[in-house]
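Q: Fold the following, please.
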Amino acid sequence: MLEGLAAWVLNTYLGEYVENLNQHQLSIGFLSGAVELENLPLRKDALKELDLPLEVKAGYIGRIKLQIPVRHLKSEPWVISIDNLYLVAGPAARSAYNAEKEKSWQKDHKDKQLQALESQWKAKMELNLPKSGSSSWYTYSTSLLYNIMENLQLVVKDVHIRYEDSTTIPNETFAFGITINSLSAQSTNENWETNSASESDSKMRFKLIELKDFAMYWDMDAQLLGDQSWEDLAASLHISTDKTGKQNNKHEYLLEPVTAKAKLRRNCSPFPLRSRLKPRFIVDLELDKIPLSLSQSQYRSLVGLLKEFERHSQSLKFRKYRPEVPIINNARQWWQFAITGIMENIRERNEKGTLTFIQKRLQNNKQYISIYSKILTADVENNKDKEELEKLEEDLTFDEIRLLRELVFGQLEKRIDEGEELFKKPTEAPSQQGYGSWLWGWGGSSTVETAATHDEGTDSSVDGPLYTEESANTLSSSPPAFDEQELMDFIGDPMADSTLLRRDQVFVVLNFNLKGGSFILSNSTATESSDRPSTIAELEFTGVTMNIESRLRTNSTLFGAKLGALYLRDRMTKGSLFPVIVSPQLKKDEVVSQSRTQFGLFSRLTNPSPYQNQATSINRQKSEDVLFEMTYESNPPGTNVDCKLEVITHPLEIVYNSKAMQGITDFFNTHTKTGLSSKPSELKLTRAMRARYQDFKNQTRQEIINTMDRIMEGENKGEITRWDVHLDISAPQIIIPDSFHSKDATLVSIMLHNNF
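A: Below you'll find the model as predicted:
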């Protein structure tokens with residue numbers, strides 16, 4: 001019985017990715033609570049959700065283990081372990097067009113997208129609606145489901161996902177792969193040591209996510225592995241490591257193995273957090289270094305693969321007209337296919353421009369909006385309305401339906417803002433609440449409970465500097481220093497205290513820290529002295545930090561970014577006196593006992609050692625100095641402005657090297673030696689980015705015009721957005737040398753003012 005239940009659960013959640021599970025694959029220990037599955041083959045269509053011309057050539061999951069603490073379900077961790085996930089994908093084989101199958105797949109795909117859109121809106125409304133007094137978030141945190149989710153641990157080891165292709169680009173075989181040594185997510189204590197959540201009595205909960213040896217590679221002239229047996233495939237894809245823990249696999253890495261850690265802190269206080277010093281969530285993401293590299297052959301293959309994906313997406317519309325015969329001796333059918341494809345677009349455009357079509361579409365759209373609004377606000381589901389809605393959706397694309405549904409969402413939200421009660425407040429028992437309630441199981445309390453707590457004098461409704469034990473002890477000696485914004489939040493908007501996302505002063509703080517990274521461009525050909533391709537240029541950066549603070553209660557966001565240093569090294573000009581063509585400008589106090597003419601790059605010509613030390617040792621720069629710093633804040637507290645922007649930069653030293661610039665330009669030129677068309681079409685991503693840029697430019701231009709008109713006319717002053725902008729931009733020093741090898745060379749130095 002237990003085997004059958006486990007098989008049903010795993011079939012439900014893994015059935016889209018693995019072949020049919022059965023009880024014979026299960027190994028269950030009744031006393032230990034361990035459910036184990038081994039050698040699960042992956043389905044051929046496991047990647048269908050990507051909507052790309054891919055299929056699984058070979059792959060399986062070596063072992064899935066579920067460790068269930070049968071005797072201590074609420075106190076001990078539930079462990080999910082996945083070992084040896086191997087997948088080899090390749091270009092999907094062309095199959096005959098099946099109209100019914102294609103229509104069914106498109107309908108299922110569209111239904112999933114629409115369901116996700118509706119679920120997202122419903123989750124948003126659920127989180128923003130006040131909770132009723134009978135539904136206690138804090139009480140729910142003691143439920144079984146909450147404890148299971150708190151103690152859930154995930155351990156994934158030895159993952160290798162590979163795409164190999166020998167047909168997209170003529171006479172080239174390449175393989176793109178992602179490897180992961182291990183991925184784990186576990187509950188910890190305040191010292192980030194593994195333990196179960198029930199062992200901690202503090203108001204804080206800690207989660208640690210560790211990613212070890214994540215890497216991406218792009219191998220040229222790769223060996224195809226999709227036809228190998230399971231044993232050979234496991235041996236080929238297994239990630240082997242040496243004694244130091246480094247991977248032994250020889251790949252042409254785009255991203256060499258990196259390790260990252262994410263530390264999550266959650267404040268479990270059942271009361272609103274009113275202090276900016278006490279956010280509900282704190283996420284710290286830490287990376288040591290990101291070493292990136294790209295060769296010219298890898299770049300050409302990448303461009304060729306993206307073009308193939310673009311061509312595939314364009315050909316789906318005309319697939320039903322495509323002949324199933326070769327072009328040779330069947331030119332008439334292929335010409336007819338080309339004519340039909342062009343004429344279909346013309347006929348469709350002409351049809352949509354007729355008055356009859358426009359009138360019918362308007363009528364259908366009004367009917368769709370009415371029916372969908374009725375479905376969302378109805379207490380009981382009406383099958384007749386759903387059938388009418390599905391009938392209307394048959395002639396509409398997903399983008400058209402999305403626009404109509406977003407219009408309905410906006411109308412309903414406006415009615416709610418005006419005070420109309422469209423949805424019943426949740427009155428279910430705590431054990432029947434959804435995932436959103438579990439998310440806040442540690443962070444809420446009903447109004448009744450809060451009042452009772454006040455009467456007992458055990459805690460305060462405000463968790464922060466306004467009401468703490470220290471302030472209570474010192475109340476008689478000195479008056480507390482109230483923050484005006486915190487005081488206004490405390491006495492205002494009482495309904496926000498019962499809203500999931502708006503009850504705390506700071507909802508989440510995200511901190512990202514990257515110590516350094518590099519990006520290397522190299523040729524596809526090897527040099528005479530080495531079998532490895534020669535390097536064109538190397539970009540190196542250090543001290544990248546980003547901070548995001550979300551204050552949903554006041555609709556405020558704080559974003560900050562810093563860049564410590566940036567170096568661009570020229571690897572093409574051998575023996576150059578200017579090996580670093582872009583670098584932070586040295587300060588005068590960093591060059592000791594040098595005359596004024598020896599500052600900056602002039603000192604490199606007479607005495608190159610300081611420059612070499614600066615180029616090779618980044619630690620010479622002071623830790624408190626940054627090259628670039630930006631801070632943006634929307635709705636900043638304590639001010640009368642809507643947005644605040646501050647940008648500070650320090651000067652750069654730039655050496656103009658035409659040879660290096662030409663080498664970088666030639667690297668990204670795919671018009672020659674690509675094996676593709678001589679005039680390749682622009683990538684879909686590039687066109688989309690350009691279209692977005694044009695839209696943004698036109699929108700900004702129109703907003704500026706409208707703002708200037710309102711200012712000149714003196715109308716609608718309340719709609720004007722006020723900005724507080726502080727710019728401290730340091731101009732670079734540009735050096736144009738006549739020679740890169742002679743110390744007596746003539747050079748031109750362009751030194752602008754320090755700031756502008």
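Q: Please name the nearest non-neighbouring residue to A378.
A: D385 (7.7 Å; Cβ to Cβ, 6 or more residues apart in numbering). Yep, even glycine has a C-beta here, placed from its N, CA and C like the rest.
Q: State the helix or strand in which the one you found lies.
A: For D385, the host element (DSSP states H and E) is helix 383-393.
Q: And that helix, what does it pack against?
A: With contacts defined as 3 or more Cβ pairs under 8 Å, 6 or more residues apart in numbering; DSSP states H and E, helix 383-393 has these neighbours: helix 355-377.
Q: Kindly format the C-alpha coordinates of the helix it packs on as CSV.
A: Extracted in CSV, the C-alpha atoms of helix 355-377 (Å, rounded to 0.1, in the frame of the first residue of the first chain):
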residue,chain,number,x,y,z
LEU,A,355,-15.4,46.4,-40.7
THR,A,356,-17.1,43.1,-40.2
PHE,A,357,-14.1,41.6,-38.4
ILE,A,358,-13.6,44.7,-36.2
GLN,A,359,-17.3,44.7,-35.2
LYS,A,360,-17.2,41.0,-34.4
ARG,A,361,-14.0,41.2,-32.4
LEU,A,362,-15.3,44.2,-30.4
GLN,A,363,-18.4,42.2,-29.5
ASN,A,364,-16.4,39.1,-28.5
ASN,A,365,-14.1,41.2,-26.4
LYS,A,366,-16.9,42.8,-24.5
GLN,A,367,-18.5,39.4,-24.0
TYR,A,368,-15.2,38.0,-22.8
ILE,A,369,-14.6,40.7,-20.3
SER,A,370,-18.1,40.3,-18.9
ILE,A,371,-17.9,36.5,-18.6
TYR,A,372,-14.4,36.5,-17.1
SER,A,373,-15.3,39.2,-14.5
LYS,A,374,-18.3,37.1,-13.6
ILE,A,375,-16.2,33.9,-13.2
LEU,A,376,-13.6,35.6,-10.9
THR,A,377,-16.3,37.2,-8.6
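Q: tell me which residues in the host helix or strand of L254 are buried?
A: Using DSSP H and E, L254 falls within strand 253-267. For strand 253-267, burial by neighbour count (16 or more other Cβ atoms under 10 Å) applies to 253-260, 262-267.
Q: Name the next helix or strand downstream of it, please.
A: strand 281-295.
Q: what packs against that following strand?
A: strand 253-267, strand 508-526.
Q: Give me the mean pLDDT for it.
A: Mean per-residue pLDDT for strand 281-295: 92.
Q: same question, stretch 575-594
A: Here the average pLDDT along stretch 575-594 is 72.
Q: and I327, that's in a helix?
A: No. I327 sits outside any helix when classified using DSSP: H, G, I helix; E, B strand; the rest coil, being coil.
Q: is it true that it touches W335?
A: No. Counting by Cβ atoms under 8 Å, W335 is not a contact partner of I327; they are 10.0 Å apart.
Q: picking up where we left off before, the strand holding L254 pairs with which strands, parallel or anti?
A: Applying DSSP bridges to the sheet, strand 253-267 is found paired with strand 204-220 (antiparallel), strand 281-295 (antiparallel).
Q: May I see the buried residues of the longest one?
A: For strand 204-220, a neighbour-count test (16+ other Cβ under 10 Å) marks 205-219 as buried.
Q: tilt between it and strand 508-526?
A: Going by axes from the mean of the first three to the mean of the last three Cα atoms, to 10 degrees, strand 204-220 is angled at 20 degrees with respect to strand 508-526.
Q: same question for strand 204-220, mean pLDDT?
A: Strand 204-220 comes out at a mean pLDDT of 91.
Q: Show the subsequent helix or strand relative to it.
A: Toward the C-terminus, strand 204-220 is succeeded by helix 230-237 as the next helix or strand (DSSP H and E).
Q: contacting residues around that following helix?
A: Residues from elsewhere that reach helix 230-237 (Cβ atoms under 8 Å, 6 or more residues apart in numbering): 39, 58, 60, 62, 84, 86, 88, 160, 162, 225, 228.
Q: Next, the contact list for V506, please.
A: 273, 276, 278-280, 549-551.
Q: Make TSV from those residues and add neighbour count and distance to V155 to it.
A: What follows is the contacts of V506, written out as TSV (neighbours: other Cβ atoms under 10 Å; distance: Cβ to Cβ, whole Å):
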residue	neighbour count	distance to V155
L273	21	32
R276	18	36
K278	17	32
P279	22	29
R280	24	27
E549	18	32
S550	20	30
R551	24	35
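Q: and those, which two are the farthest apart?
A: Within the contacts of V506, K278 and S550 form the most distant pair, 14.1 Å apart (Cβ to Cβ).
Q: distance of the spatially closest residue to R571 that is not a sequence neighbour from L14?
A: Nearest residue to R571, sequence neighbours excluded (Cβ to Cβ, 6+ apart): T535, at 4.0 Å. Distance, T535 to L14, by Cβ to Cβ, to the nearest Å: 45 Å.
Q: Strands along the stretch 101-250 of the chain, start to end?
A: Along the stretch 101-250 of the chain, counting by DSSP state E, counting those that start in this stretch, strands occupy 152-165, 174-188, 204-220.
Q: want to throw those into TSV with distance to Q298?
A: Formatted as TSV, the strands of the stretch 101-250 of the chain follow (distance: least, Cβ to Cβ, whole Å):
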stretch	distance to Q298
strand 152-165	13
strand 174-188	8
strand 204-220	5
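Q: do you know which of those strands lies nearest P53?
A: strand 152-165 (10.4 Å).
Q: Buried residues of that closest one, list them for me.
A: Taking 16+ other Cβ under 10 Å as the criterion, strand 152-165 shows 152-153, 155-165 as buried.
Q: Now do the strand holding L254, average pLDDT.
A: Strand 253-267 comes out at a mean pLDDT of 92.
Q: So what angle separates the directions of that strand and strand 174-188?
A: 20 degrees.
Q: Kindly export strand 253-267 (C-alpha atoms) in CSV.
A: Extracted in CSV, the C-alpha atoms of strand 253-267 (Å, rounded to 0.1, in the frame of the first residue of the first chain):
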residue,chain,number,x,y,z
TYR,A,253,34.6,26.5,-20.1
LEU,A,254,32.5,29.6,-20.6
LEU,A,255,32.2,29.8,-16.8
GLU,A,256,34.8,27.9,-14.8
PRO,A,257,33.5,26.2,-11.6
VAL,A,258,32.3,28.7,-9.0
THR,A,259,30.9,28.3,-5.5
ALA,A,260,28.1,30.5,-4.1
LYS,A,261,26.3,30.8,-0.8
ALA,A,262,22.9,32.3,-0.1
LYS,A,263,22.0,33.0,3.6
LEU,A,264,18.4,33.6,4.4
ARG,A,265,17.2,35.1,7.7
ARG,A,266,13.5,35.4,8.6
ASN,A,267,12.1,37.3,11.5
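Q: follow-up on the earlier one: of the strands paired with strand 253-267, which is nearest E413?
A: Checking those against E413 by Cβ to Cβ gives strand 281-295 as the closest, at 25.3 Å.
Q: And the residue nearest to R571, how close does it get to Q106?
A: 47 Å.
Q: and what of E193?
A: 51 Å.
Q: what number of residues lie near the residue nearest to A378?
A: 15 (other Cβ atoms under 10 Å).
Q: what's the answer for the one 5 residues further on, then?
A: In terms of burial, E390 registers 11 neighbours under the definition other Cβ under 10 Å.
Q: which residues does the residue lying closest to F740 once chain neighbours are set aside contact?
A: Spatially, and ignoring its direct neighbours in sequence, F740 is nearest to S576 (4.3 Å; Cβ to Cβ, 6+ apart). Counting by Cβ under 8 Å, 6+ apart, S576 makes contact with 570, 657, 740-741.
Q: Now distance to I369 and secondary structure too, for these, in JSON lines please.
A: Output for the contacts of S576, formatted as JSON lines (distance: Cβ to Cβ, whole Å; DSSP: H, G, I helix; E, B strand; the rest coil):
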{"residue": "D570", "distance to I369": "61", "secondary structure": "strand"}
{"residue": "N657", "distance to I369": "61", "secondary structure": "coil"}
{"residue": "F740", "distance to I369": "68", "secondary structure": "coil"}
{"residue": "H741", "distance to I369": "73", "secondary structure": "coil"}
